[in-house]
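S.K.: A predicted structure for the sequence below; I have some questions about it.
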Amino acid sequence: MTAPRTAGPPDDRGRAVIGRVALALAAAGLAAFLLWPQAFAPLLRPLTQNGAPPIYTQTSLLALTLWHLALVAAAVAASATLAVGLGILVTRPGWRDFLPLARTVTSVGQTFPPVAVLALAVPLMGFGSGPTLLALFLYGLLPIFENTLAGLTNLPPAVAEAARGMGMTPAQRLVQVELPLALPVILAGVRLSAVIALSTATIGSTVAARTLGEVIIAGLLSSNTAFVVQGGVVVGVLALLIHAGFVWLERRLSA
Amino acid sequence: MIRIEHLTKRYGTRAVVEDVSLTVERGQIAALVGTSGSGKTTLLRMINRLVQPTAGRVLIDGTDTATLPPHLLRRRIGYAIQGHGLFPHRTVAQNIATVPRLLGWDADRIRARVDELLALFQLPPAEFRDRLPHQLSGGQQQRVGVSRALAARPELLLMDEPFGALDPVIRASAQADLRRIQRDLGTTLVIVTHDIDEAMALGDRIGVMDRGLLLQYAAPGAILTAPATPFVARLIGTDQRPFHLLSLTRVADIATPGMAGGAPVPADATLRDALALCLWSGRDALPVEGGGVVTLDALRRAARPDGRPDDGPPDGGAAG
């Protein structure tokens, strides 16, 4: 109670502090760049040629970032709902036979490259955010499903036995014991899906989804390295921050 | 009171428990002992229907347990297992409150009960209430596990190797605590163990199981002096028999009028303690606290199968 959770060998503590400071700096830098991009123009100008603009201004970078995050959040929320639901279902007695089917469905989602999903979805759904949402949703199923399965099946046997022996109903066991204990593992799966979706979402801009990919593609088309760098760095820093946020949450929950 | 009638469990054609019948009177302890694979744990788990019997029935105070929904039955029966099975994400207080919460007790009543149990098991409530299981020692975890089993004041408590993970010193005191608390609460207790010493120390009746059969179900003295089968005799072990027998009787029961020198022995000490004291101090007789003596001769007689002062008939007998 007196020592914080991060307390450990001095080495570890030092590293944890450095990591936290680095993350805080990255978050502050990202916020500053999104709010006042022009202030960073001198920094990026060396990457431009023939007086090209150093900062992407076609669409506000802040708006693109929010669109990007919303798309990822929607896709991951949908993946998590289906994958966790399937994971719960196939670990209930009487539904075990559906495990191979559920596994096939979720791994097909992972096997199909998102680019292929986009190409196939555009004729059906048209240009815009729809195909990207679908691609990210399918791509995110597997990690969450597999982790849900692992979390729910690796319950310590004595704990499972005690929960039954105390007189909990199957639903009470699921809600009060199995899910809380599996939550850190499930969240690790969601983290994986979220980080993958964050970077994969950039290719959505090839079919007119509004994401930070727009900046990168504009840079590639006009040979403007400054655009490519700012799009890439913003996505990268977002991924780091989301990763760190999930790790923090997982640690808190698995105390 | 719990009555088991012709209870059988088969998996396919293999019988794990075969036609077992026994009765445990209210407030008594029945210790089921046997090697691993003898069916003792399956028998225990059929009482709260964690295992569904193939045949036979279990009556608790006259009610056939098959007539109750299993989860409601289990809330009435305390259950403590080896490795305690505490919920790692819940505090000590929340763990103990598991069954009362399932039964819908109000918060004040639950809090009072949790504190009462923690105090009973010598875990100061203010200090332990909000700890998580991993912050406890093995002995403390085990005590919380038993507290949880007793939380809703069950009249019947089932224990499966509850002290299996404890070291011998903590184990002995845990057994003494259990005995004291069980006597105070008047709980009927069925305990499974592979340790014959533990069965002798706790059981009012001992049930010896082997390969699904209940070979003998009798008081410890009868198990020692009249083993029903060679397997029972082998399980007890010939080398420890006299000492087990001595540990079943209190000094006060064989004390005779007289005087002796040296430090006295407490009246509620066992004859085994008295023998140890005689041998260690080189005396032929010990004064008993509160008057009388116990002599080495009397101890020697009491350590023989035909010499017990209160040698009752081998009640219960073999079943199956």
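M.R.: Structure's in. What do you need?
S.K.: Of all the residues in the longest helix along chain B, which ones are buried?
M.R.: The residue-count maximum for a helix in chain B (DSSP state H) belongs to helix B:168-185. Residues of helix B:168-185 classed as buried by neighbour count (16 or more other Cβ atoms under 10 Å in any protein chain shown): B:170, B:171, B:174, B:175, B:177, B:178, B:181, B:182, B:185. Every C-beta, even on glycine, is put in place using the N, C-alpha and C of the backbone.
S.K.: From the contact counts, what lies against that helix?
M.R.: helix B:138-150, helix B:196-202 (3 or more Cβ pairs under 8 Å, 6 or more residues apart in numbering or on different chains; DSSP states H and E).
S.K.: Write out the residues of chain A neighbouring chain B.
M.R.: A:156, A:158-159, A:161-169, A:172, A:177, A:180-181, A:255 (Cβ under 8 Å from any Cβ of the partner chain).
S.K.: Out of those residues, name the ones that lie in helices.
M.R.: Using DSSP H, those in helices are A:158, A:159, A:161, A:162, A:163, A:164, A:165, A:172, A:180, A:181.
S.K.: what inclination does the longest helix of chain B have with respect to helix B:138-150?
M.R.: Here helix B:168-185 runs at an angle of 20 degrees relative to helix B:138-150 (axes from the mean of the first three to the mean of the last three Cα atoms, to 10 degrees).
S.K.: so which of the ones in helices among the residues of chain A next to chain B is the most crowded?
M.R.: Using other Cβ atoms under 10 Å in any protein chain shown as the neighbour criterion, residue A:162 leads those with 25 neighbours.
S.K.: Ramachandran angles for the nearest residue to it once chain neighbours are set aside?
M.R.: In space, residue A:162 comes closest to residue B:85 once its chain neighbours are excluded; the distance is 3.1 Å by Cβ to Cβ, 6 or more residues apart in numbering or on different chains. In terms of degrees, to the nearest 10, the main-chain angles of residue B:85 are phi 60, psi 30.
S.K.: who's in contact with residue B:85?
M.R.: For residue B:85, the contact set (Cβ atoms under 8 Å, 6 or more residues apart in numbering or on different chains) comprises A:156, A:158, A:159, A:161, A:162, A:163, A:165, B:145.
S.K.: Turn these into a markdown table, columns for pLDDT and distance to residue A:231.
M.R.: Shown next, in a markdown table, are the contacts of residue B:85 (pLDDT from 0 to 100; distance: Cβ to Cβ, whole Å):
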| residue | pLDDT | distance to residue A:231 |
| --- | --- | --- |
| A:156 | 90 | 46 |
| A:158 | 90 | 51 |
| A:159 | 93 | 47 |
| A:161 | 91 | 53 |
| A:162 | 93 | 52 |
| A:163 | 94 | 49 |
| A:165 | 94 | 56 |
| B:145 | 93 | 56 |
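S.K.: where does the closest residue to chain A within the stretch 151-300 of chain B land in three-state SS?
M.R.: The nearest approach of the stretch 151-300 of chain B to chain A comes at residue B:158, 8.0 Å away (Cβ to the nearest Cβ). Judged by DSSP: H, G, I helix; E, B strand; the rest coil, the three-state class of residue B:158 is strand.
S.K.: Switch the buried residues of helix B:168-185 over to CSV; also include pLDDT.
M.R.: Formatted as CSV, these follow (pLDDT from 0 to 100):
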residue, pLDDT
B:170, 83
B:171, 85
B:174, 85
B:175, 88
B:177, 86
B:178, 89
B:181, 88
B:182, 90
B:185, 88
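S.K.: Spatially central residue for chain A, please.
M.R.: residue A:194 (0.9 Å; Cα atoms, centre = their mean).
S.K.: One more: chain B?
M.R.: The centroid of chain B falls nearest to residue B:202 when counting by Cα atoms, centre = their mean (4.0 Å).
S.K.: and residue 248, how many residues sit next to it?
M.R.: Chain wasn't specified; assuming chain A. Neighbour tally, residue A:248, other Cβ under 10 Å: 12.
S.K.: That was the other one, I meant chain B.
M.R.: Residue B:248: 19 surrounding residues under other Cβ under 10 Å.
S.K.: Strands along the stretch 151-255 of chain A, start to end?
M.R.: For the stretch 151-255 of chain A, no strands are identified by DSSP state E, counting those that start in this stretch.
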